[in-house]
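>>> sharing a model that was predicted from the sequence below.
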Amino acid sequence: MFGALSEKLSGIFVSMIGKKKLSEENISEAVREVRLALLEADVNYTVTKNFIKRVKEKALGDEVIASVTAGQQFTQILHDELAALMGGGEAKLELKGRPAVIMLCGLQGSGKTTQAAKLAHFLKGKKVALAACDLARPAAVEQLKTLGSSIGVRVYAIEGEKSAEKVAQEAVKQATRENVDVLILDTAGRLHIDEPLMDELARIKKSVKPCEVLFVANAATGQDAVTTAKSFEERLGITGSILTMLDGDTRGGAAISIREVTGKPLKFEGVGERIEDLQIFNADSMADRILGMGDTINLVKKAKEHISEEEAADMEEKMRKASFTYEDYLKQIQAVRKMGSFSKLMKMVPGASKFPDFADKEKEFFKIEAIILSMTPRERCEKDELTMSRSKRLAKGSGSTLSDVNKLKKSFKQSKQFFKGGANKKRLEKMMGGM
């Protein structure tokens with residue numbers, strides 16, 4: 001996502017290289033290009049107009065900073081204003097009551113049922129249940145039951161019931177009896193907004209009084225998603241939005257516009273098809289991605305989820321002493337794989353977009369893992385030397401070639417030599433301290 005927009009914005013920053021300070025002339029030229037880039041990215045016209053006005057005023061009123069170039073200063077202004085436009089920071093869920101009821105709403109095809117299960121998985125530290133209130137779409141109830149079963153979450157449903165309001169009421173009663181912390185309601189949608197849909201949702205909301213009413217929108221629908229979100233806010237009163245399909249090839253206009261248009265925060269973003277591919281929306285992170293600066297905020301979050309502080313400290317110490325083994329290498333590869341696909345992770349690293357051969361690197365990871373898994377415990381810990389005969393056995397056992405095994409041995413040896421060097425040790429310590 002944001003590929004075309006990021007490329008255009010990067011071109012604007014490049015055009016400012018060599019300009020020592022911001023002036024009315026170069027600011028006017030830059031904001032004109034930014035305006036065109038945002039409109040091409042399907043950002044709401046009024047949002048774009050107001051945003052450009054704020055950026056221009058900020059740039060003209062900013063004091064000249066001697067230590068940075070005009071391009072760097074303009075980039076920082078653009079980043080800060082983008083983050084502010086999308087709400088700034090993160091908007092957490094307001095869970096009140098027991099159970100705390102979260103109601104999902106939106107049009108048919110936006111992915112409400114899937115997002116309900118993803119949200120339940122996201123809240124796995126609490127006792128969560130789902131309620132099948134979508135009685136309009138064929139198989140919606142069965143889909144929710146299947147998803148709930150896959151993550152070990154109870155799904156409340158009433159066979160043959162025609163009233164979604166009654167299903168919601170009974171679900172709340174059952175959740176109260178079973179001491180459920182959070183109850184998530186999956187409601188019906190339509191292909192377009194109509195009175196029966198809004199009336200049904202209004203009745204459910206009035207009946208169970210949810211603490212959160214989240215509008216689910218498909219980012220691929222662009223400005224249609226923003227327009228629909230505004231209608232739901234005006235007629236139902238939402239507390240926030242979940243934007244799905246942000247990992248796809250969308251122009252990104254909905255992500256930039258939806259908060260400004262509805263006045264309600266974006267709370268979550270769907271970033272993949274897996275049940276765990278849901279994350280808290282962070283405006284600073286999104287601004288980084290739009291400007292092609294990677295996504296270090298969510299990369300660090302993922303690392304913390306899968307690598308404990310003790311493991312990180314232990315690995316850091318081994319790197320300092322150059323005492324790491326193939327076993328440590330294997331653990332690191334497996335930890336990275338738990339965080340998601342290598343190609344997705346690399347896109348989160350600032351500047352990594354310049355190296356598009358992610359798929360090839362991921363294949364290398366699989367190959368290295370297979371070779372190390374073919375080693376004996378003593379070989380992994382370097383207690384037994386990898387002789388020629390052992391290397392041939394590893395190649396055969398891992399489905400690779402002798403050349404692949406020798407390449408791994410060589411790179412492993414070079415890594416140890418690198419960390420044994422005094423200058424490199426100091427560089428590592430400085431890097432670790434910064435992290």
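Now that the structure is in, tell me what you want to look at. Remember, it's a predicted structure, so these values are computed and weren't measured experimentally.
>>> Asn218 touches Lys112, doesn't it?
No. The pair Asn218 / Lys112 is not scored as a contact, 10.1 Å apart, by CB atoms under 8 Å. The C-beta positions use only the backbone N, C-alpha and C, and glycine is treated the same way.
>>> part of a strand, is Val213?
Yes. Assessed with DSSP: H, G, I helix; E, B strand; the rest coil, Val213 lies in a strand.
>>> run a quick neighbour tally on it.
Per other CB atoms under 10 Å, the neighbour tally for Val213 reads 23.
>>> list the residues that contact it.
103, 105, 205, 236-239 (CB atoms under 8 Å, 6 or more residues apart in numbering).
>>> okay, those residues in CSV with pLDDT next?
Listed next are those as CSV, based on pLDDT from 0 to 100:
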residue, pLDDT
Met103, 97
Cys105, 94
Lys205, 95
Leu236, 91
Gly237, 93
Ile238, 94
Thr239, 95
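>>> filter the residues you listed to the buried ones?
103, 105, 205, 236, 238-239 (16 or more other CB atoms under 10 Å).
>>> closest to Glu260 out of these?
Closest to Glu260 out of the buried ones among the contacts of Val213 is Ile238 (14.5 Å), distances taken as CB to CB.
>>> re the thing from before, which of Asn218 and Lys112 has more neighbours?
Lys112 (26 against 22).
>>> buried sites along stretch 219-233?
Buried-residue list, stretch 219-233, by 16+ other CB under 10 Å: 219-223, 225-230, 232-233.
>>> quick check: Thr239 vs Glu142, distance?
29 Å (CB to CB, to the nearest Å).
>>> try Ala255
Ala255 is 32 Å from Glu142, by CB to CB.
>>> between those two, tell me which one has more neighbours.
Ala255 (28 against 12).
>>> how far away is the more buried one from Glu29?
Distance, Ala255 to Glu29, using CB to CB: 26 Å.
>>> how is the protein carved up into domains?
Per automatic domain parsing, the structural domains of the chain span 3-85, 100-283, 301-434.
>>> closest to Lys92 out of those domains?
When the domains of the chain are compared (using CB to CB), the closest one is domain 100-283, at 7.3 Å.
>>> please compute how far that closest one lies from its chain's middle.
In terms of CA atoms, centre = their mean, to the nearest Å, the centre of domain 100-283 is set 18 Å apart from its chain centre.
>>> same question for stretch 380-396.
40 Å.
>>> contacting residues around the helix or strand harbouring Ala129?
Using DSSP states H and E, Ala129 falls within strand 128-133. The contact list for strand 128-133, computed with CB under 8 Å, 6+ apart, reads 99, 116-117, 120, 140-141, 144-145, 147-148, 153-157, 164, 167-168, 171, 174-175, 178, 180-188, 204.
>>> ok, 7 Å please
116, 120, 140-141, 144, 148, 153-157, 164, 167-168, 171, 175, 180-187, 204 (CB atoms under 7 Å, 6 or more residues apart in numbering).
>>> pull up the pairing partners for it, direction included.
strand 154-156 (parallel), strand 182-187 (parallel) (DSSP bridges).
>>> past it, which element shows up next along the chain?
Next element after strand 128-133 (DSSP H and E): helix 140-150.
>>> check which helices and strands that next one is in contact with.
If you count contacts as 3 or more CB pairs under 7 Å, 6 or more residues apart in numbering; DSSP states H and E, helix 140-150 packs onto helix 112-122, strand 128-133, strand 154-156.
>>> other SSEs contacting the first one?
The criterion is 3+ CB pairs under 7 Å, 6+ apart, and the helices and strands that helix 112-122 contacts are strand 100-105, strand 128-133, helix 140-150, strand 182-187, strand 278-280.
>>> got the CA positions of the helix or strand following the fourth one in PDB?
Just to be clear, that refers to strand 182-187. Sequence order places helix 195-208 as the next helix or strand after strand 182-187, per DSSP H and E. Below are the C-alpha coordinates for helix 195-208, written out as PDB (Å, rounded to 0.1, in the frame of the first residue of the first chain):
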ATOM      1  CA  GLU A 195     -33.400   2.200   6.400                       C
ATOM      2  CA  PRO A 196     -33.900  -1.500   7.500                       C
ATOM      3  CA  LEU A 197     -30.200  -1.900   8.100                       C
ATOM      4  CA  MET A 198     -29.800   1.300  10.100                       C
ATOM      5  CA  ASP A 199     -33.000   0.600  12.100                       C
ATOM      6  CA  GLU A 200     -31.800  -2.900  13.000                       C
ATOM      7  CA  LEU A 201     -28.400  -1.600  14.100                       C
ATOM      8  CA  ALA A 202     -30.000   1.200  16.100                       C
ATOM      9  CA  ARG A 203     -32.200  -1.300  17.900                       C
ATOM     10  CA  ILE A 204     -29.200  -3.500  18.800                       C
ATOM     11  CA  LYS A 205     -27.300  -0.500  20.000                       C
ATOM     12  CA  LYS A 206     -30.100   0.800  22.200                       C
ATOM     13  CA  SER A 207     -30.800  -2.700  23.500                       C
ATOM     14  CA  VAL A 208     -27.300  -3.800  24.600                       C
END
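>>> low-confidence ranges in this protein?
Applying pLDDT under 70 to the chain flags the ranges 1-3, 17-18, 20, 62-69, 247-252, 293-306, 340-361, 421-435.
>>> distance to Glu327 added to the helices and strands packed on helix 112-122, as TSV?
Below are the helices and strands packed on helix 112-122 laid out as TSV (distance: least, CB to CB, whole Å):
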stretch	distance to Glu327
strand 100-105	43
strand 128-133	37
helix 140-150	32
strand 182-187	40
strand 278-280	31
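>>> between these, which one is closest to Ala37.
Comparing those by CB to CB, strand 278-280 comes nearest, at 25.6 Å.
>>> quick check: what element follows that closest one along the chain?
helix 283-290.
>>> could you pull up the residues touching the closest residue to Ala117 other than its chain neighbours?
Leaving aside its chain neighbours, Ala117 sits nearest to Leu147 (3.7 Å; criterion: CB to CB, 6 or more residues apart in numbering). By CB under 7 Å, 6+ apart, the contact set of Leu147 is 113-114, 117.
>>> closest one of these to Leu22?
Once CB to CB is applied, the member of the contacts of Leu147 that ends up nearest Leu22 is Thr114, at 45.5 Å.
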